[in-house]
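[1] got a sequence here, can you build the structure:
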Amino acid sequence: MSRTAEIERKTKETEIYIKLNIDGAGEADVQYPIGFMSHMLNTFARHGLFDIEVRAKGDLEVDQHHLIEDTGIVLGQCFAKALGEKRGIRRNGSCAFPMDECLARAAVDFSGRPFLFFDGQLSAAPIISVLQDGTEQKFQTDVTEDFWQGFVSAAGCNLHLEVLRGRSDHHKVEALFKAAARALRTACEIDLRAQHAIPSTKGVLI
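    Numbering: from 1, shown residues only. As a prediction, this is how the structure comes out:
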């Protein structure tokens with residue numbers, strides 16, 4: 001059974017299209033106007049072994065919040081649609097991911113009850129990149145939590161994300177995305193011992 005989803009969201013603030021294959025090979029085709037976030041989405045695909053295609057634009061003249069939160073929402077909607085009734089999945093997963101001086105931890109449960117715990121230990125300083133035309137682009141690190149809040153709300157999962165130690169905000173955010181991807185990969189895997197069962201004593205996960 002193909003576990004794929006394709007969703008487009010258009011509002012007065014953003015236009016986002018995402019195509020997801022949960023059982024992919026980690027291939028990503030991302031066209032995103034924020035370089036650091038593009039890097040995170042590519043990283044997420046690679047470590048989760050998800051194939052994703054992303055097209056996005058938004059009102060960056062206002063703030064990065066709208067676009068990044070809505071991206072999380074659409075990605076979460078894709079997971080919810082691709083997993084369907086969640087029959088046969090392991091349901092939960094966790095990962096502690098080290099990245100040089102940084103250690104991040106993620107734990108997820110596709111319980112149907114959205115909840116996010118986020119402790120990124122992030123500073124207020126932006127992550128700065130230089131575009132090809134020589135201009136600077138600043139990534140607002142606080143919107144990392146907005147992305148994951150949008151994701152859990154739409155995916156119907158609870159997700160705990162925390163940085164246990166670290167210095168570099170770049171490493172902290174990236175380690176969180178890698179840990180989340182690995183945890184989600186485990187949670188979405190088919191449990192061969194219970195591949196036809198809903199992983200809940202209630203018989204339903206909504």
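[2] contacts and neighbour counts: CA atoms only from here.
    Noted.
[3] okay, now Ala96: neighbour count?
    Residues within reach of Ala96, counting by other Cα atoms under 10 Å, total 20.
[4] now do the same for it: helix, strand or coil?
    Using DSSP: H, G, I helix; E, B strand; the rest coil, the secondary structure recorded for Ala96 is strand.
[5] show me what it is bridged to.
    Here Ala96 sits in beta bridges with Arg105, going by DSSP bridges.
[6] quick check: it vs Ala180, distance?
    Separation of Ala96 from Ala180 (Cα to Cα, to the nearest Å): 9 Å.
[7] what's the neighbour count on the closest residue to Arg87 other than its chain neighbours?
    Nearest residue to Arg87 in three dimensions, chain neighbours excluded: Ile198, at 4.5 Å (Cα to Cα, 6 or more residues apart in numbering). Using other Cα under 10 Å, Ile198 has 18 other residues around it.
[8] confirm for me that Ile198 is in contact with Lys86.
    Yes. Using Cα atoms under 8 Å, Ile198 is in contact with Lys86, at 6.4 Å.
[9] any residues in contact with both of those two?
    Residues touching both Ile198 and Lys86 (Cα atoms under 8 Å, 6 or more residues apart in numbering): Leu205.
[10] confirm Lys202 sits in a strand?
    No. If the criterion is three-state DSSP, then Lys202 is coil and not within a strand.
[11] who touches it in this structure?
    Residues counted as contacts of Lys202 (Cα under 8 Å, 6+ apart): none.
[12] Cys188 versus that one, what's the distance?
    On the measure of Cα to Cα, Lys202 and Cys188 end up 19 Å apart.
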